[in-house]
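>>> Any chance you can model this:
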Amino acid sequence: MIYTITFNPALDYIVRVDDFNLGGVNRTSYEEVYAGGKGINVSTVLNNLEIESVALGCIAGFTGDEIERRVKSKGVHTDFIKLNNGMSRINVKLKSKEESEINGRGPYISKEELNELFSKLEAIKEGDFLVLAGSIPNTLPKNIYETIMERLNLKKVKFIVDATGELLLNVLKYKPFLIKPNHHELSELFNIEIKEDDKIIYYAKKLQEMGAENVLVSRASKGAIFIKSNGEVMKSVAPKGEVKNSVGAGDSMVAGFIAGYLKNKDLEEAFKMGVATGSASAFSEDLAKKELIEKLLNEII
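I've put the predicted structure just below:
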């Protein structure tokens, strides 16, 4: 089974204003609400690919109820912890000549509620996948991903981590099956500007030396670079298409990688499926659907 954890899910309120006027009254030309959060996005895209997963995490208040309703309506299995206080956040994604975001903080998660989540994680078995993705509320200990992986390490779970900074660096010693920084995050990890392919490969291999098994570096319209566990380097140019949505493309790449890997346990197939799935979300108003993913997969070199 595949499990995803989203500690800080949100209702993403996406609006388009054709010519945004700062300080003035603006009217939208498009608006939509989605249940957001990196782990939720991974579970949603897996479901679109007809692969079951369980979305774990924490929700609170009326916004939390709406997040759960929307995730379930997509056909995703959920097992959220319902917090006693606060409300799940609302994130505003403004699309105009430039894209802007306003992200909420998220609710308080008590030690008792966190222990309830730990209890649910006991159901995870050897060979299962656990996706740890995204930010965490500032009320949680900064080593929360590390704590989870330490607790499950002996079960030989396949960990996939899509996080930034210390959240990522601190878990490398538990040898995650896959990490997926983008090239900007890779630069931030090593405090150096990284643009050229050879630098991306060099620093991705540094992450392998620190413990990561496979490293997938997403590069938006430039495609992706993948360093396999045996050190082999693979590159892929992104398929051509009109970019309509950058939200969730990286999460979709993770979901596609898992889906591709599950077919034949082939890392090359997983990489290509990841690139196709990430691109399919970028070319869609919503998260990637199976039909477009399969079409784009044929274009991946």
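>>> Which stretches in the stretch 151-300 of the chain count as strands?
Counting by DSSP state E, counting those that start in this stretch, one finds strands in the stretch 151-300 of the chain at the ranges 158-162, 178-179, 214-218, 224-227, 233-236.
>>> farthest residue from the center of this structure?
Gly24 (34.4 Å; CA atoms, centre = their mean).
>>> now the strands of the stretch 151-300 of the chain in CSV, with mean neighbour count?
Any C-beta I mention is one placed from the backbone N, CA and C, and that applies to glycine too. Shown next, in CSV, are these (neighbours: other CB atoms under 10 Å):
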stretch, mean neighbour count
strand 158-162, 23
strand 178-179, 26
strand 214-218, 25
strand 224-227, 24
strand 233-236, 16
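>>> Helix, strand, or coil at the residue farthest from the centre of the chain?
coil (DSSP: H, G, I helix; E, B strand; the rest coil).
>>> just to revisit the earlier point, nearest approach to Leu267 belongs to which of the strands of the stretch 151-300 of the chain?
Among those, strand 214-218 comes nearest to Leu267, with 6.6 Å by CB to CB.
>>> Between strand 158-162 and the closest one, find me the angle.
30 degrees (axes from the mean of the first three to the mean of the last three CA atoms, to 10 degrees).
>>> I'd like to know which elements strand 214-218 is packed against.
When contacts are defined as 3 or more CB pairs under 8 Å, 6 or more residues apart in numbering; DSSP states H and E, strand 214-218 sits against strand 178-179, helix 183-190, helix 197-209, strand 224-227, helix 249-264, helix 267-282.
>>> follow-up on the earlier one: got the strands of the stretch 151-300 of the chain as a markdown table, with mean pLDDT and distance to Pro141 columns?
Output for the strands of the stretch 151-300 of the chain, formatted as a markdown table (pLDDT from 0 to 100; distance: least, CB to CB, whole Å):
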| stretch | mean pLDDT | distance to Pro141 |
| --- | --- | --- |
| strand 158-162 | 97 | 16 |
| strand 178-179 | 98 | 20 |
| strand 214-218 | 97 | 26 |
| strand 224-227 | 97 | 30 |
| strand 233-236 | 95 | 36 |
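>>> Mind putting the ones you listed into JSON lines with distance to Thr139?
JSON lines is the format used below for the strands of the stretch 151-300 of the chain (distance: least, CB to CB, whole Å):
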{"stretch": "strand 158-162", "distance to Thr139": "21"}
{"stretch": "strand 178-179", "distance to Thr139": "25"}
{"stretch": "strand 214-218", "distance to Thr139": "29"}
{"stretch": "strand 224-227", "distance to Thr139": "34"}
{"stretch": "strand 233-236", "distance to Thr139": "39"}
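>>> Surely Ile5 is in contact with Phe129?
No - with contact defined as CB atoms under 8 Å, Ile5 does not count as touching Phe129 (11.4 Å).
>>> For Asn41, list the residues it contacts.
Residues in contact with Asn41 (CB atoms under 8 Å, 6 or more residues apart in numbering) are 248, 251-252, 255, 287.
>>> For my notes, please list the helices and strands packed on strand 214-218 in JSON lines and give distance to Ile81 for each entry.
Shown next, in JSON lines, are the helices and strands packed on strand 214-218 (distance: least, CB to CB, whole Å):
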{"stretch": "strand 178-179", "distance to Ile81": "25"}
{"stretch": "helix 183-190", "distance to Ile81": "28"}
{"stretch": "helix 197-209", "distance to Ile81": "31"}
{"stretch": "strand 224-227", "distance to Ile81": "33"}
{"stretch": "helix 249-264", "distance to Ile81": "21"}
{"stretch": "helix 267-282", "distance to Ile81": "27"}
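>>> To Met234, which of these lies closest?
Nearest of the helices and strands packed on strand 214-218 (CB to CB): strand 224-227, 4.4 Å.
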